[in-house]
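> build the 3D model from these lines:
(2 chains)
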Amino acid sequence: MSKRFVVLGLGETGLASALFLKKRGYDVFVSDTQTSSVLKKRSDRLQSEKIPFELGGHTLPKILEADWVLISPGISPAAPVYQVVRSKGIPLVSEIEVASWFFKGEVIAVTGTSGKTTVTTLVHRLLQANGIKSVACGNIGNPWIGEVDRLAPSSQVVLEVSSFQLLHTYSFRPRYGILINLGLNHLDWHPTLEDYVAAKLRLFQNQNSEDVALIRRRDREKYFPDYCFKGNVVYWGEEGPNDNEAILHELTRLKRLASEKTREVLSKFEGLEHRLERLGELDGVHFVNDSKCTTLEALAWALARFPDKRVILLAGGHAKASDFRSVRDPLTRKARQVVIFGEAQDLLWKNWEGTVPLVQARDLREAFGQAIKTARPGDIVLLSPACASFDQFSNYKERGELFKRLVQEARERDRTTIVR
Amino acid sequence: MSKEARLLFISVYALVCFGIVMTYSASAIYADQIFKSPTYFLKRHVLYALVGTAFLFFTASLDAYLWKERSWEILILSFTLLILVLIPVVGHQAGGARRWIRLGPVNFQPVEITKIAVCLYLSDYLSRRIKRIQRGEFSVLLPPMLILGASCALILLEPDLGSSVFIFLISAFLFFLAGLRFRFVLIASLFFLPALYFLVIRTPYRLSRVTAYLNPWSDPKGSGFQIIQSLLAFGLGGVKGVGLGESTQKLFYLPQSYNDFIFSIIAEELGLIGSLSLILLYGMIFWTGMKIARRASGSYEKFFVTSLTLLIVLQAIINMLVATGLIPTKGLPLPFVSYGGSSLVFNLVAVGMLLAMDRALQRGRSNSRRSR
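Purely as a prediction, here's the structure:
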């Protein structure tokens, strides 16, 4: 009798996992509480592969028959179904764990609080530049499990992993585990900071002396001074202005790659969309779209990239963090003005009052208008909201798109003025 | 705790109990004459065993990987102690050698820490560079050679030739396990020949030990005395032994009978049966150690377990070879059995480390079992 897998959640990952497991001869059942039109497309796919599923709720007796429950990112540990499965002692595994059972090649796993996707992309490009077959997957939007059957054993996987996925790994063992930074985030998933750190450290739990843990010395001293690594710990040089560059250089050294290629990859890298994405300048004013920034940690990180007192910051939206006061220092140092918009206006005003001049705006469009009014040549207009977008947008991408459109409009207006 | 670890623990404590009985048997009359108390050595030995057991449980409760990144710190600590012991005020002298540091009522030998420190340091160092060693980059071996050379030199200043030869031997084993060809180990050993020449041929008392080894009867009342008495003990014991407590050799004939030559007294009192049981227990430690090492997936874990197991077993082998006159006299104790606090305590610490590693390996195993 074949072993039974229940896949909880029919997201991208859930679908890819179900298809993969079915192909490997497992008995698969998929369950999701939602019934949206997006899920309809995926469930049609399941139907054509003859994979049984249910939408609109979890039928517990069916789920509890499982030998393993594969849990999609997005299902909170607080969810009743999670609690029941756990209490019955059925192993809960993440897609990463299952994929790792079937891939025997080299894995470079990247985790951290912010900037994971950038590092994952950079490492992937670095490997390719050195003629190594590589694929970037994981949280980046391309489930690893969907790639496993397409990978040659010689190819290397660059994997972006979230702490949630790590929480449900048992035997996953990356050759290189990179923990780029740690900060308060996702405390909605993880009840305490210790749990969050412990989840991140699971990246290293199965490493041995053939493997490398690439970490930031500061994080270790602050968050896990007593943790004993089984792999070899390597710190990257933190003197440089940019951690990403330092990580890449360290990896180049460890993997004995060509350092010219590394410099080339770094200089060619234009950034990712909505992540400190440079939109060019207009009359000497630079525009940067960092709509992905939804945390204070990411805001502090973004501010640190720019010269002192030149940033006009656009921030606001739906507040997720509570301790907005924690960024008062970087704000005072880097910003010239802050335009706050959206639902969290009053909260931000209260916490940031007395740092730099604050201006309030109803929405992003109005905020943008305020910003270009004060901007002078050499300034940077930075959209780094430090809040979630869903008070006024459906996601951060939409917010970023609007910002880009606003910059484009301003540019066109500028051009027509000159023509006249 | 795995089945092997449980067997290891049982074998070790069988030896410790054996040691308590035999230390008392071998030392009682001597202690009565010299210290006016037959239980002088027994009481101390039992106390050391208790202290060592506490240390064992403490180290076993720690994370086995605690030592991986701290191997340098322990090495530095051991160097500091080796230097301290040479300072006349700090180092305590006995029998012409300055080997003990006195801490209040207790004396301890820093060299016992050095033995463990070298095992931990080499496990970490070699496991990190195993690919380069196997590729034949011998420059990689230079730093550990320098460190080993320095610690052996410090130990020789005490002087303690036995321990430095032992440290050299266990390192050679680890280099070999890391993939170094045996002939290179041999070539490296050749560099030590001049040192050996000065240390042995030019030092009268050591040269006399060597000549006594080659032919004990050339000087039966002088340098050959100890080994002849030891061999006599074996002969007197025969197959069944003369019976517990009945040894005559311990009555001032065989010097160090409760210490480095306790194996001879065991052979005399308990005969071939007793000595073979003892060998069986050490064999058990070796076998269980190798079993645990085989479960490890990484080379650090393999080196860690193998080196600490060898630390115990190799000392036992050398001690037994000395007692039976098969190699020249070296001052190495019989682990867990010989009287001597530092050796007993630190050997138990090594066992604690082995148990901690066993626990870590078990956990890794149950993790992968859970997923398949």
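
> from here on, contacts and neighbour counts on C-alpha atoms
Noted.

> and the gap between the nearest residue to A:R4 once chain neighbours are set aside and A:G14?
Nearest residue to A:R4, sequence neighbours excluded (CA to CA, 6 or more residues apart in numbering or on different chains): A:D27, at 4.6 Å. From A:D27 across to A:G14, the span is 15 Å (CA to CA, to the nearest Å).

> can you check A:E281 too?
42 Å.

> compare these two (neighbour count), which wins?
A:G14 (26 against 17; other CA atoms under 10 Å in any protein chain shown).

> whichever strand or helix holds the more buried one vs chain B: in contact?
Taking DSSP states H and E as the criterion, A:G14 maps to helix A:12-23. No: judged by CA under 8 Å from any CA of the partner chain, helix A:12-23 and chain B are separated, with a smallest distance of 13.7 Å.

> B:L232: which element?
B:L232 belongs to helix B:225-237, assigned by DSSP H and E.

> what sits up against that helix?
Under the contact criterion CA atoms under 8 Å, 6 or more residues apart in numbering or on different chains, helix B:225-237 has outside partners B:212-213, B:216-217, B:219-220, B:242, B:247, B:249, B:253-255, B:261, B:264-265, B:267-272, B:323-325.

> quick check: A:L331 vs A:P91, distance?
Counting by CA to CA - A:L331 and A:P91 are separated by 45 Å.

> looking at these two, which has the bigger crowd around it?
Neighbour count, other CA under 10 Å: between A:L331 and A:P91, A:L331 has more, with 24 against 17.

> look up how far B:V16 lies from the more buried one.
A:L331 is 66 Å from B:V16, by CA to CA.

> confidence score at B:G104?
If you check B:G104, the pLDDT there is 69.

> let me redo that: B:S368
Model confidence at B:S368, given as pLDDT, is 66.

> please enumerate the helices of the stretch 101-250 of chain B.
For the stretch 101-250 of chain B, the helices defined by DSSP state H, counting those that start in this stretch occupy B:110-128, B:130-135, B:142-157, B:161-177, B:182-190, B:192-196, B:204-214, B:225-237.

> can you list the ones you listed in CSV and add distance to A:K268, mean pLDDT and mean neighbour count?
Formatted as CSV, the helices of the stretch 101-250 of chain B follow (distance: least, CA to CA, whole Å; pLDDT from 0 to 100; neighbours: other CA atoms under 10 Å in any protein chain shown):
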stretch, distance to A:K268, mean pLDDT, mean neighbour count
helix B:110-128, 34, 94, 24
helix B:130-135, 34, 86, 16
helix B:142-157, 40, 90, 17
helix B:161-177, 45, 89, 19
helix B:182-190, 48, 76, 12
helix B:192-196, 56, 74, 12
helix B:204-214, 70, 76, 18
helix B:225-237, 77, 84, 22
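
> residues in chain A within reach of chain B, list them.
A:P91, A:V93, A:Y170, A:S171, A:N206, A:N208, A:S209, A:E210, A:C228, A:F229, A:K230, A:N232.

> tally of neighbours for the third one?
Going back to what we said before, that points to A:Y170. A:Y170 has 27 nearby residues by other CA under 10 Å.

> these two touch, right, it and B:N367?
Yes: contact criterion CA atoms under 8 Å: A:Y170 and B:N367 qualify, at 5.2 Å.

> longest helix anywhere in chain A?
helix A:396-419 (DSSP state H).

> tell me the phi and psi of the residue of the stretch 301-420 of chain A found nearest chain B?
Relative to chain B, the nearest point of the stretch 301-420 of chain A is A:W301 (30.2 Å; CA to the nearest CA). Per-residue torsions, A:W301: phi -60, psi -40 (degrees, to the nearest 10).

> who touches it in this structure?
Taking CA under 8 Å, 6+ apart, one finds nothing in contact with A:W301.

> sorry, back to before: let me know the angle separating the helix holding B:L232 from helix B:204-214.
Counting by axes from the mean of the first three to the mean of the last three CA atoms, to 10 degrees, helix B:225-237 points 30 degrees away from the direction of helix B:204-214.

> tell me what angle the next helix-or-strand element following helix B:225-237 forms with helix B:225-237.
Per DSSP H and E, the first helix or strand lying C-terminal to helix B:225-237 is helix B:262-295. Orientation of helix B:262-295 against helix B:225-237 (the same axes, to 10 degrees) gives an angle of 90 degrees.

> mean confidence score for helix B:262-295?
94.

> does the helix or strand following it come close to chain A?
Where DSSP H and E defines the elements, the next helix or strand beyond helix B:262-295 is helix B:299-323. Yes: Helix B:299-323 lies within reach of chain A by CA under 8 Å from any CA, at B:S299, B:Y300.

> mind giving me the packing neighbours of helix B:299-323?
helix B:110-128, helix B:161-177, helix B:225-237, helix B:262-295, helix B:341-371 (3 or more CA pairs under 8 Å, 6 or more residues apart in numbering or on different chains; DSSP states H and E).

> from A:F5, how far out is A:K62?
For A:K62, the distance to A:F5 - CA to CA - is 11 Å.

> how many other residues sit next to the residue nearest to B:A14 when sequence neighbours are not counted?
The shortest distance from B:A14 to any non-neighbouring residue, by CA to CA, 6+ apart, is to B:L281 (7.8 Å). Other residues near B:L281 come to 21 when the count uses other CA under 10 Å.

> wait, B:L281 touches B:I10, no?
No: contact status for B:L281 versus B:I10: not in contact, 9.2 Å apart, counting by CA under 8 Å.

> for B:V16, see how far away the residue lying closest to B:K330 once chain neighbours are set aside is.
Spatial nearest neighbour of B:K330, chain neighbours left out: B:G162 (4.8 Å); criterion: CA to CA, 6+ apart. Counting by CA to CA, the gap from B:G162 to B:V16 is 23 Å.

> repeat that for A:E264.
In terms of CA to CA, A:E264 sits 64 Å off from B:V16.

> who has more neighbours out of those two?
B:V16 (21 against 12).

> you'd agree that one is up against B:S338?
No: contact between B:V16 and B:S338 fails when scored by CA under 8 Å: they sit 9.2 Å apart.

> what residues are up against A:A258?
Listed by CA under 8 Å, 6+ apart, the contact set of A:A258 reads A:N130, A:T252.

> and with 7 Å instead?
A:T252 (CA atoms under 7 Å, 6 or more residues apart in numbering or on different chains).

> if I look at the residue lying closest to A:G105 once chain neighbours are set aside, how far off is A:S134?
Spatially, and ignoring its direct neighbours in sequence, A:G105 is nearest to A:P153 (5.3 Å; CA to CA, 6+ apart). Distance, A:P153 to A:S134, using CA to CA: 11 Å.
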